[in-house]
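Chemist: Next one to model:
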Amino acid sequence: MTERLDGVIVATALPYAEDAKAPAGLKPDLDKFAEHCRWVVENGCRGVGPNGSLGEYSSLTDAERREVAQTAIAAVQGIGIAVIGVHGVGAHQARHWAELAAEDGADGVLCLPPTMYRANRHEVVHHFREVAKAGLPIMVYNNPIDTKVDLTPDLIAELGQIEQVVAVKEFSGDVRRVLEIRAAAPHLTVVAGADDVVLESLLMGATGWFAGFPNVFPAECATLFSLAQQGELTEARELYERLVPSFRWDSRTEFVQAIKHAMDFVGRFGGPCRPPRGPLTPEHLAQLDADMKLATS
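Modeler: As a prediction, this is how the structure comes out:
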């Protein structure tokens, strides 16, 4: 595998349009979504990652989920890469989505261990071996907060023996993991998964960022990534300290609603979420707006 799935890849949020016939009265607005995918790449990000948690994949119908992936792939073709979320309850579901992503021309896939089930080590390895049969580069996604399965560095090293596994999105929040993974599996790309520890992760050797807030600040986030990679620490820290209060929302339960509201704040199209995600509370909105004012000052 030559594609390392590094750089700034945006976990794209999905805009909806009102439609009484659609689930929850909302249908994916694919025209706005395509424009958004192009916008983040044209503003310095390397690519897009639809159908992740931020893209509300679990609230989509199967037909919508594939249409979203196809839209993203077509939107950035020739200008960026598309890394499709293929998360599934079991190996057969995740492999199915990976095979569709391959058919549709994706550059790679992002994959959690089995969702809604606390898989053991053998089951996790089997899960990724099945996804690998689709033939695309795989970014393994460690999110022990949501999956209750911690892909520890030694398990990452075992998964890294699968040829198609080229990267790991690390979302445990423990920046010590970056060096531990680099030592255990030096051939893998380590990707910062949580926006509010991204600078720390990059300084420890991560070479990718699968990110939420570039939906809001693509140019600034691309600049932050570049400064960190080039060792321009004074400038990177100054920018990060202004952005990180907003970035902390990426690690909160309401991260999807928060990032969509932040998109609205800067004049983009965030809009509502499908259930089970509801609106932010007045207290959340007040704090988020204060954080966004600092970020845009």
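Chemist: Let's verify the closest residue to residue 228 other than its chain neighbours: helix, strand, or coil?
Modeler: The shortest distance from residue 228 to any residue that is not its chain neighbour, by CB to CB, 6 or more residues apart in numbering, is 3.9 Å, and that residue is residue 202. (Glycine included, C-beta is placed from N, CA and C.) Assigned with DSSP: H, G, I helix; E, B strand; the rest coil, residue 202 falls in the helix class.
Chemist: Residue 202 and residue 190: what is the separation?
Modeler: Look at residue 202 and residue 190: by CB to CB, to the nearest Å, they are 10 Å apart.
Chemist: about what we covered before: could you check how far the residue nearest to residue 228 is from residue 217?
Modeler: The span separating residue 202 from residue 217 equals 16 Å under the rule CB to CB.
Chemist: Sort out which residues of stretch 290-297 are buried, please.
Modeler: Across stretch 290-297, burial judged by 16 or more other CB atoms under 10 Å covers 291, 292, 295.
Chemist: Stretch 177-197 too?
Modeler: In terms of neighbour count (16+ other CB under 10 Å), stretch 177-197 has its buried residues at 177-178, 180-182, 184-185, 188-197.
Chemist: what do you get for stretch 234-242?
Modeler: Using 16+ other CB under 10 Å, the residues of stretch 234-242 that count as buried are 236, 237, 239, 240.
Chemist: Show me the helices in the protein, by range?
Modeler: All helices of the chain, identified by DSSP state H, fall at 30-42, 62-76, 91-104, 121-132, 144-147, 153-159, 176-184, 198-203, 218-230, 233-247, 255-265, 282-295.
Chemist: Pick out the shakiest of the ones you listed, pLDDT-wise.
Modeler: Mean pLDDT is lowest for helix 144-147 among the helices of the chain, at a mean of 90.
Chemist: And that helix, how far out from the chain middle?
Modeler: Relative to the chain's own centre, helix 144-147 is displaced by 14 Å; criterion: CA atoms, centre = their mean, to the nearest Å.
Chemist: Show me the contact partners of it.
Modeler: When contacts are taken as CB atoms under 8 Å, 6 or more residues apart in numbering, the neighbours of helix 144-147 outside the stretch itself are 53, 112, 113, 114, 115, 118, 150, 151, 171, 172, 173.
Chemist: between the residues you listed, which is nearest residue 275?
Modeler: Comparing these against residue 275 with CB to CB picks out residue 53 as the nearest, at 14.7 Å.
Chemist: The closest one contacts residue 259, correct?
Modeler: No. In this structure, residue 53 is not within contact of residue 259 by CB atoms under 8 Å, at 10.8 Å.
Chemist: Comparing the two, which residue is more hemmed in?
Modeler: Counted by other CB atoms under 10 Å, residue 53 and residue 259 do not tie: residue 259 has more neighbours, with 24 against 19.
Chemist: check contacts around that one.
Modeler: Residue 259 makes contact with 13, 54, 212, 213, 215, 216, 249, 250, 270, according to CB under 8 Å, 6+ apart.
Chemist: Export those residues as a markdown table, with columns for pLDDT, neighbour count and distance to residue 144.
Modeler: Written out in a markdown table, the entries for the contacts of residue 259 read as follows (pLDDT from 0 to 100; neighbours: other CB atoms under 10 Å; distance: CB to CB, whole Å):
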| residue | pLDDT | neighbour count | distance to residue 144 |
| --- | --- | --- | --- |
| 13 | 98 | 25 | 23 |
| 54 | 97 | 23 | 18 |
| 212 | 97 | 29 | 18 |
| 213 | 98 | 28 | 22 |
| 215 | 98 | 25 | 24 |
| 216 | 98 | 28 | 26 |
| 249 | 98 | 26 | 20 |
| 250 | 96 | 22 | 16 |
| 270 | 97 | 23 | 28 |
